[in-house]
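S.K.: Need the 3D shape of this:
(2 chains)
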Amino acid sequence: MRLKSDLVQQQQLQKKPFVSYVLLISHVINRVFEWLQLLHMSVFSQSFSPCGRFLAAGNNYGEIAVFSLSAALSPDATAANQKPVLTFTAHEGPVFSLLSTDVHLLSAGNGEISAWSWNELTKKCLCVCRSSLEIPEINSMIINPRDNSLVVGGGDNNIHIMDLEHGVFKNVLQGHSDYIHCVSVRDREAEILSGGEDGAVRMWDSRSSQCVHCIEVYKYESCARPQFGKWISCLTTDSDWMLCGGGPSLSLWHLRSLSPTSIFPLSGCQRQAAFYQDKILAVGEGAFVSHCLLGGEVKAQIPCTPQSLNTLQLNTNSTEHRVLTVGGSSDHIDVFTNLSYRAFSLSF
Amino acid sequence: MSPSLFNFVDAKDKFTASARHALSGKSSKPLINIFNQIPGNETEKKTTLDQALRGVLGDLIVEQKPSCDDYLSLIYLSIDAVTEGICSATTPFVLLGDVLDCLPLDLCDKIFSFVEENVSTWKSNSFYTAGKNYLLRMCNDLLRRLSKSQNTVFCGRIQLFLARLFPLSEKSGLNLQSQFNLDNITVFNKNEQESTLGQKSTEEKEDGMEVEEGEMGEDDAPAPCSIPIDYNLYRKFWTLQDYFRNPVQCFDKFSWMTFLKYSDETLAVFKSFKLDDMQASKRKLEELRASGGEHVYFAKFLTSEKLMDLQLSDSNFRRHILLQYLILFQYLKGQVKFKSSSCVLNDDQTAWIEETTKLVYQLLREIPPDGDKFATMVEHILNTEENWNSWKNEGCPSFVKERTVDDKPKRPTRKRQAPEDFLGKGPDRKIFMGNDELTRLWNLNQDNMEACKSDSRSVVQKAREFMPSLDEFFAEAIEQADPANMVEEEYKVVRNPNYGWRALRLLSRRSPHFFQPTNQKFKSLADYLDSMVSKLAKELPKDIPSEEIKTGEEDDDDNGDNLLKDSNDSPSIQSKLVTNQQMDDIAAKLGAQWKMLASHLEMKASELREIETDSEDVDMQAKLLLVSWQDREGAQATVENLVTALNSAGFSQIADSLSEA
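M.R.: Numbers count the residues shown, from 1 in each chain, chains lettered A, B, ... in the order given. Here you go, the predicted structure:
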């Protein structure tokens, strides 16, 4: 349709037919380029707003799109409601990690962490402050609610801890021998867990900044999958239990005893997992969301649009919009109102 | 002596009194006695008794007895009366109708039990024809009074009674025209304002469904939904019910497209949302079974959007929907006599239905518990439905098998065949030759002489006619003679001496060319046959006119059989066939005057025209004329005939020269 209006404009430029012709060609090329961009888009991270009515998603082009969940879930939603209300470029490189605090949306990509105000975002304006420290390739961030600090796992093999009040980095945790994929926080014991490319899951005491335990998952025969590697790409914890996976199979660990309890027979490498009620939801290679039981069986695999999934988020901030969203190697983000089937998709 | 007058009022009073007496005495004897005593016509007496009984019943009803025993005994009495022949056969039914009309439903229940128990009486010959319409009307009246959801069992009993009373083909019990219950509309809210969520519903639980606590109808005011609702699926899902209600919509193109789209989405959801046994915990199942009480029947679906999630996780609900699909497909595909002619499916639709049926069965099999068993049962039931459908299409033929007349006494079966059987005296009248092929051949006709005598024109006996037709036999040879086929000489079938011998025999029987003398000398049988084949090839396809044949490069001098070499021993010159040379001479002499000869040769105008168009040269035309004459005459193309024609045409000179030659 846009092409048609261009054509009309071209006709109006009849005095300079050659110029109009060139313009037409360039417009066509633009459209093709845009379409190609969409084709190659991957969603790396998602985060829900504190009120639970909005979803922010970051992709590999450094853009963040804000979607209105309340509009998309309303009874008179149309196709337009499944498009973002706001899209902006946040970083030069891909946005690997998104995190929401009570007020801000924190985004991290290659190097810097930016904080956007949610209020402003919902009003479609941008207001940002950036961090001082440059950390290469920030893969994962998490908030430690105990002391209101931000734990950042980076490509420089270290974990940086930043104080959210003042915005200064106060600590560095060193120990990993390769870059860090994922971080998690164990509330009760005030521990930080991190998993990295070196295959080790390290547990750090947040007060003393010492590495308390180090689990090398690939050394456990039941979990190891040497054909995939030893890297740990997903880590999540429930204080007593820990889920980790990646190269090795997704496995459930009992943290007291530091031993694997169940191994999940999922074929691909899992990139994100979450505890939900009595189930475990995991996404990774494969166009489906796996529902697993704590005992180790895979209960269901619900098909989704993207061919492989990178991120999984549950909207716990709002009961009316309590949905599961998954994104991956596609410009579509699938939304599940009922965990067992895909309801609709949001798209960039 | 004149018959004594019948006094109606008097008789009625007497009957009434006697009836009461009989009631109390629980015997019909007093009635019979009185009946015989009262003077009058049989019919008059009977009708009076009917009236009397009805009156007695009316009085009993007015007295409003708490139990129905009195009514029942009166009706028994009337049945006895009918058996004794003192009362018309319709009376018991009329009494029943009266009593049911006047009593409340709980008492009707008891009366109806009485009716059910006596079904054999109603079916007996004396009662059936008189009473069946009354019974039908009575039952329909009762059904109208009852509510299907409140008095389900009673309605069921009435239906069962009707089923036992009437034969299967009773039209009032059949949905002969395959009409649909179009009033069964499923209501669901199409926008949020109409949400039925806040309304308190009396029916809280459906069979086997887990009701989440705190979800339904807690507040009086409509509460905002506390869970996310997939309105998209909700609307599409319940719209499908409209198609199930009125399947004829599916034949309309746009409705079909919508149906297709929505069904695909719904079935995709069913496919991805797999149910498992573990959802209904063992404890809950035990509870449900223990409750034991009546299964409540819901005629309509509960369509609140909050229930959607729960309904999707319920196996019974899913079974309902999938079964609806199967029933719909059966109707769409099936042959129903009363379907209008515009209700036909096209290929795409049929293909989609096939695919989806497979998917539906697969989904059914996956539904726990006992999915496989359920699916096979459903398939079986639907197949049985096909039988009923075809039964209705045929106009409901009766299932009663007529006894076959004339049961022939069967021959005792023997282990080995008796000798008579061999020799043709058995029931088959076959003579067994010991070998199947021989038996068959022999039994074609046992008497050889008769078989040989058969008239060859008779179709039945055609078996003895062994001579093939010319085109059959020579077809292969003709094909090989065609230079386009490029068959080599040595492979031609005419080289085969066996073939050649048979060809000669056939030609001698069927072909005139065999007898035409020719000057051409043939070195061998094969060459001769070649020439014959080419002649036949020209002749046999009928579309080629005979004139054209002769203008070909083929030599048409072969009018005879050179093997016979009978050019020497020919009979008199006059009856000899005209030779080509002679024809050439005559043509040269005729020149442009050939047309005059044509009329004497009995040539048709069309043939003349053809000759004219074929060639410009007059000599040629004359030659053509003679050749076509020769073709037509065949063996009669003798010199004598030609001379005659020439003479009559006035060409006596030519005629003389011919006869001298």
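S.K.: For residue 30, what is the enclosing helix or strand?
M.R.: Because you didn't say which chain, this covers chain A. Assigned by DSSP states H and E, residue A:30 belongs to helix A:17-39.
S.K.: right idea, wrong chain: chain B
M.R.: helix B:29-37.
S.K.: The helix or strand just after that helix packs against which elements?
M.R.: Downstream of helix B:29-37, the next assigned helix or strand under DSSP H and E is helix B:42-63. Counting contacts by 3 or more C-beta pairs under 8 Å, 6 or more residues apart in numbering or on different chains; DSSP states H and E, helix B:42-63 packs against helix B:8-25, helix B:29-37, helix B:69-84, helix B:91-102. Where you see a C-beta, it was placed from the backbone N, CA and C, and this is true even at glycine.
S.K.: Let me see the mean pLDDT of helix B:42-63.
M.R.: Taken as a whole, helix B:42-63 carries a mean pLDDT of 87.
S.K.: Could you tell me the angle between that helix and helix B:69-84?
M.R.: Relative orientation of helix B:42-63 and helix B:69-84, computed by axes from the mean of the first three to the mean of the last three C-alpha atoms, to 10 degrees: 170 degrees.
S.K.: buried sites along the helix holding residue B:30?
M.R.: Using 16 or more other C-beta atoms under 10 Å in any protein chain shown as the test for burial, helix B:29-37 gives B:30-32, B:34-35.
S.K.: Put the alpha carbons of that helix into PDB.
M.R.: Output in PDB follows, covering the C-alpha atoms of helix B:29-37 (Å, rounded to 0.1, in the frame of the first residue of the first chain):
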ATOM      1  CA  LYS B  29     -69.700 -60.800  36.100                       C
ATOM      2  CA  PRO B  30     -72.400 -58.400  37.200                       C
ATOM      3  CA  LEU B  31     -71.700 -56.300  34.100                       C
ATOM      4  CA  ILE B  32     -72.000 -59.300  31.800                       C
ATOM      5  CA  ASN B  33     -75.200 -60.300  33.400                       C
ATOM      6  CA  ILE B  34     -76.800 -56.900  33.100                       C
ATOM      7  CA  PHE B  35     -75.600 -56.700  29.500                       C
ATOM      8  CA  ASN B  36     -77.300 -59.800  28.600                       C
ATOM      9  CA  GLN B  37     -80.500 -58.900  30.400                       C
END
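S.K.: which residues sit against it?
M.R.: With C-beta atoms under 8 Å, 6 or more residues apart in numbering or on different chains as the test, helix B:29-37 has contacts from B:14-15, B:18-19, B:21-22, B:45, B:49, B:77, B:81, B:84, B:86.
S.K.: any idea of the mean pLDDT in that helix?
M.R.: In the prediction, helix B:29-37 has an average pLDDT of 83.
S.K.: chain center to stretch B:439-448, what's the gap?
M.R.: Centroid separation for stretch B:439-448 versus its chain: 40 Å, with C-alpha atoms, centre = their mean, to the nearest Å.
S.K.: Only the buried residues of that stretch, if you could.
M.R.: By neighbour count with 16+ other C-beta under 10 Å, stretch B:439-448 contains the buried residues B:442, B:445.
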